[in-house]
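[1] From the sequence below, what's the structure:
(3 chains)
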Amino acid sequence: MDLATAIILTVVTASTPLLLAALGELVVERSGVLNLGVEGMMVMGAACGFAAAFTTGSPSVGILAAMAAGMAMAALFAGLVLGLVANQVACGLALTILGLGLSGLIGQGFVGQKLEPMAKIAIPLLSGIPVLGPVLFRQDPFVYTSFALVGFAAWFLSATRAGLILRAIGDNHASAHALGHDVLMVRFLAVLFGGACAGLAGGYLSLVYTPFWVTGMSAGRGWIALALVVFASWRPGRVLFGAYFFGAMSIGQLHLQALRGVLPDFLVLPGQFWSALPYAATIVVLVAISRARGRGGAAPAMLGTVFAPDR
Amino acid sequence: MAEAVDRQSEQGAPGRALLPVVAAAGLVKRFGLLTANDRIDLRVDPGEIHALLGENGAGKSTLVKMLYGLLQPDSGTIQWRGEPVVIDGPAAARRLGIGMVFQHFSLFDSLTVAENVALALDGGESRAALARRLAKVSADYGLALEPDRYVHTLSVGERQRIEIVRCLLQDPRLLILDEPTAVLTPQEADQLFRTLGRLAREGRAILYITHRLDEVRRFCHRATILRHGKVVGVCDPRHETPATLARMMIGADVGSVHDRRADVAAGPVRLAVRDLTSAREDRHGVALRGVSFDVRGGEILAIAGVAGNGQAELFAHISGERASDRNDMVAISGLDAGDKGIGERRKLGAAFVPEERLGHAAAPRLSLSDNAILTGHGISRLMSGWRIDRAAALAVVDAVTQGFDVRKGRRDPEAASLSGGNLQKFVVGREILRDPALLVVSQPTWGVDAGAAAIIRQALVDLARRGSAVLMISQDLDEIFQIADRIAVIHDGRISACHPIAEMSSERLGLLMGGAEQVDAGAR
Amino acid sequence: MLRIVLERRAEPSLVMSILSPLLAVCLTLAASAVLFLALGKDPLKAMHAYFVAPLIDPWSLQELIVKATPLVMIGVGLSFCYLSNNWNIGAEGQYVMGGIFGGWAALLFHQSGSPLGVPAVMAMGAAGGMLLALVPAVLKVRLGTNEILTSLMLVYIAELLLDYLVRGPWRDPRALNFPQSVTFDVGIPILVEGSRIHVGAALAVVAAIGGFLVLRGTLKGFEVRVLGQAPRAAAFAGFSPARTTLLVFALSGALAGLAGALEVVGTMNQLRPTISPGYGFAAIIVAFLGRLNPIGVIVAGLLLALSYLGGENAQIMMKIPLNATRVLQGLLLFFVLACDLLILYRIRIRPWSRAGQG
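    Residues are numbered from 1 along each chain as shown, chains lettered A, B, ... in the order given. The predicted model follows:
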């Protein structure tokens, strides 16, 4: 395997958790709910996934536990914002604070432990193609899942009746209610789906990416996933592009740091500056998007608003 | 045109021997302490156009929401074609054969016409099959629709057509329409009546909610009248006069507005709008195109028009909530004010009452005294240095309460806790008590009870008589004919010439509202 | 069968607006008992270590005030932001930036003995926090960029900047390669002799009372409240949302920055890679628990400070991990938000009707 392939492979690894989490949040936001707790759900997925996989020795159990943890957090959030009409921004923050603390408790017994990285599944023939083969067709199940999920989300939103109802609820929940669609139930399911995706993304971090548990290992990826949804103008295909753009950048900065001796002097910056790059880039991207689109634009009209029907 | 409708509906009159389509008995619905519906009985027969008549807040919407499954009655029964039923949601209502056209359309702006239609059906039908049925129904009833257009690009009339076609696709036995003509021109309304007449002749029942007496008398076969949540009468409206219907609806004769014509000679120009032009602000907006008119002291100028033709934009430019391209596009009391903010325009003697009471004219969760500060902080003596003078603000609340008969539970409650009529009296009174040289008011009595409407209209007339200029943007033609001195019509961001009210017939007004500008050119 | 029904109140309940935070605290206490049990600790002993022990020891009581100082200061600023619907969640970064700028001033005045050192540290700290806070504010006002994400991203950037400075240019060469600056000698005035309570505690109270008076009695405070509740009504009143957004961000940034500078120069006496146990995020809880009322923020700040102290205490005495504190803080915010429902709604228990809908 040559260096280029190796670099591309690490880009895939860095992009996959962003892609998974952002896709989940995209579906949530299309239904009109803003869940800022992606970071919290993700880190819980990482902790629970690792704990389950390490205890049982089965990575599959780990994956399921990661998704279940994300969904449990999402259900808590849904109970508050849908059931108790609480403020979505504040509840999302609460979810993140809680998730960071709770994951620390759950994971503390596993600090310093290491898992066998998950086996990669090579697709016969296709994986033999030079460069592209190992990148696209010799991957762990998460990567395949993330690609499948992009297609699924795009198909679900544009071509299915359930997707149409979900978009309608995100556009105008009062009308959807008047037509007899169950606004709260659809949103609840969407939030759960978002939780499962964020949990899966977290599980990827602790089961494949590292693979060990560190407190707070999501390191802001949940927030970047939120930014990616804005960046993608709420379209699944563009999330794929955005996630890989960010993944490439975060890997790129690592390699640039490693190239210290080779680079011209002005590029020799302290490591912290390179580490700050993805966060700075997120801001730049958000600014560029808001400049290009003006206020509001493609966002679901009901995003972040509460729905409380007469009873 | 009107006669034709009458004749058709005459033919469609129901025979009494038929089993009623829907019969409700003893329906009760409470919201907290308020009994919105109190033992309501209602019977609608096949082939009948049945009016549900009542003031805002009489309980009409609550009643039909129960029939459509959006609300559950606390007690009482509903029979559907002789069988007792529980309608536990709109889907159940649709399965029975009930269709509903909402007052505030239940449409989705970011979706296409076809998607909007599909959302109201129960699914299981292919897109192609649905498209075919959609084309057939719209052709059959002459309700043209383009399935692939996005709803946010459509006019109000077109949007209503989607709602109706959407119901017809379900082949309903009962069609409920909630104040459907509120947003239509008289001509568009006539078109609607013809469609409804035809539906009735096909044997469908129509339940028609309105507070417009003249429509009811023209083409409804029967009317059930609600007041304060109770049925106060069932009658054949064709045998009633507007006065008798109004008495049943309101409970007493409403005082008329006195001294409507100002005797004072036309005063100085208080508001001059010159070639006001603006771009569309967003996809829902309307561009203003060369709007010009004057309002003088002592007169009420009404701007009529169907909603969404630029009224909101015009109000925002005159109030200063939106800045104008050129300074001289708006002049208040002779001073160019196009670049001034709303606070500075108030200092020039202007006062404003926007259409939306809650959220625009008043902050819902703030007290009335806070809401007095909202528009009075720059001009009235509500500040002492840096401090807000709470006592002065309370005094304003008391004065408005007294002068405009604002009914409320406490001295200084939250704005949102007042009824629509009382809050409207407050936001109008708050401005009028300052004796502004210019008052710009949008939909002054929209959705308020007749008593409050009379008080507000009288106050506007009195203000003009004292020499102030009043600009009234209104959709309510009765109101305009009652109190305006001159009238202009806004359509698609353009404005007609101003005409003395005596020279304007309602037919010509209807043509102008529909955008027939050549008529106006002739008048000039 | 019974079902729970939410019924909107005609007017918000005054009683509930005071009771709901208390109820949230009680629920958090109950949840903490469950949590300690789950961790295999005696809940009563653990709760004693957490919530009682720090209150009966005079040293702890001083520490309570030391820890509450930054929380209250930041919480007051955030109340202004959240009241006006500006979601500044980057107070942690603004606090760090204030620490950096304050530390910078302390380095400039190091061994100068100048009386200007103290005001310089405070002014620089406030300026640092304000500058960082104005980034999301300007982007929001000018370009419509969502302030939630931008303000948060700046937290990571500020932390990395601090990390760079204390490992690089500002590292004390005599610190045996430890990443820390020299020990400052500016000397922030101490309020209580022999304690670590510095002038910041008084400033926090002044900020809270000042904030309360501004919100209650001035047009600017009125503007902040109207803007958050009814933006269109605010525009109708002639208030500028852009100006208010810039103002509240500047204010909250300055207060967070001041808190950071005083913590670094007055309490820690040097810069280290980590200068906050999450004060900027805990202050979000403080703001909500105090019902966005600056006086309530004082009480809430003391409570959150207690949770930090109790957490440290419980770790030492009972080996309860520090993360338990974060869990309790997160739960507390959840309970506060949930209990707020009681202010606007009444909970009724009704017999189950046939309807699934509505």
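[2] mind pulling up the phi and psi values for the residue of chain A found nearest chain B?
    Nearest to chain B, among the residues of chain A, is residue A:180, at 3.0 Å (C-beta to the nearest C-beta). Every C-beta, even on glycine, is put in place using the N, C-alpha and C of the backbone. Here is the backbone geometry of residue A:180 (degrees, to the nearest 10): phi 100, psi 10.
[3] Same question for residue B:280.
    phi -60, psi 130.
[4] OK, contacts around it?
    For residue B:280, the contacting residues are B:286-287, by C-beta atoms under 8 Å, 6 or more residues apart in numbering or on different chains.
[5] remind me which residues of chain B are low pLDDT?
    B:1-17, B:33, B:56, B:251-265, B:283-284, B:515-524 (pLDDT under 70).
[6] Return the backbone torsion pair for the residue lying farthest from the centre of it.
    Ranked by distance from the centre of chain B (C-alpha atoms, centre = their mean), the top residue is residue B:385, with 41.9 Å. Phi and psi for residue B:385, reported as degrees, to the nearest 10, are phi 70, psi -130.
[7] so who does it touch?
    Residue B:385 neighbours (C-beta under 8 Å, 6+ apart): none.
[8] likewise the one 5 residues further on?
    When the contact criterion is C-beta under 8 Å, 6+ apart, the partners of residue B:390 are residue B:369.
[9] And it, how close does it get to chain A?
    29 Å (C-beta to the nearest C-beta, to the nearest Å).
[10] how close does that residue sit to residue B:309?
    42 Å (C-beta to C-beta, to the nearest Å).
[11] Likewise for residue B:132?
    35 Å.
[12] Ok, residue C:194 next?
    Distance from residue C:194 to residue B:309, by C-beta to C-beta: 76 Å.
[13] and what of residue C:54?
    Distance, residue C:54 to residue B:309, using C-beta to C-beta: 67 Å.
[14] Counting neighbours, what do you get for residue A:100?
    By other C-beta atoms under 10 Å in any protein chain shown, 24 other residues sit near residue A:100.
[15] Is it correct that it falls within a helix?
    Yes - assigned with DSSP: H, G, I helix; E, B strand; the rest coil, residue A:100 falls within a helix.
[16] could you list every residue that touches the residue of chain A closest to chain B?
    The neighbours of residue A:180, taking C-beta under 8 Å, 6+ apart as the test, are B:69, B:89-91, B:93-94, C:357.
[17] Of those, which belong to helices?
    The helices, defined by DSSP state H, take in B:90-91, B:93-94 from the contacts of residue A:180.
[18] In terms of distance to residue B:428, which of these ranks first?
    Within the ones in helices among the contacts of residue A:180, the smallest distance to residue B:428 is 37.1 Å, found for residue B:90 (C-beta to C-beta).
[19] Might one say that the closest one is in contact with residue A:179?
    Yes - if you go by C-beta atoms under 8 Å, residue B:90 and residue A:179 touch, sitting 5.8 Å apart.
[20] hmm, back to that, pick out whichever of the ones in helices among the contacts of residue A:180 sits closest to chain C.
    For the ones in helices among the contacts of residue A:180, the nearest to chain C is residue B:90 (8.2 Å; C-beta to the nearest C-beta).
[21] That closest one: what's it in contact with?
    With C-beta under 8 Å, 6+ apart, residue B:90 has these contacts: A:178-180, B:68-70, B:100.
[22] next one: phi and psi at residue C:283?
    The phi/psi pair for residue C:283 (degrees, to the nearest 10) reads phi -70, psi -20.
[23] burial count for it?
    Burial of residue C:283 is recorded as 32 neighbouring residues (other C-beta under 10 Å).
[24] And for residue B:115?
    20.
[25] Relative to residue A:177, how far out is it?
    Taken as C-beta to C-beta, the span from residue B:115 to residue A:177 is 17 Å.
[26] of residue B:132 and residue B:309, who's got more company?
    Neighbours per residue (other C-beta under 10 Å) separate residue B:132 from residue B:309, with residue B:309 holding more: 24 against 12.
[27] how close does the more buried one get to chain A?
    The span separating residue B:309 from chain A equals 22 Å under the rule C-beta to the nearest C-beta.
[28] you'd agree that residue is in a strand?
    No - note on residue B:309: no strand contains this position according to three-state DSSP, which reports coil.
[29] That one: what's it in contact with?
    Residue B:309 touches B:286, B:490-493, counting by C-beta under 8 Å, 6+ apart.
[30] Need the residues that contact the one helix or strand residue B:51 maps to.
    Per DSSP states H and E: residue B:51 is located in strand B:49-54. Strand B:49-54 has contacts (C-beta under 8 Å, 6+ apart) with B:9, B:12, B:42, B:44, B:60, B:63-64, B:196-197, B:200, B:205-211, B:213, B:216, B:219-227, B:237, B:245, B:248-249.
[31] Which single residue of chain B ends up nearest chain A?
    Counting by C-beta to the nearest C-beta, chain B gets nearest chain A through residue B:90, at 3.0 Å.
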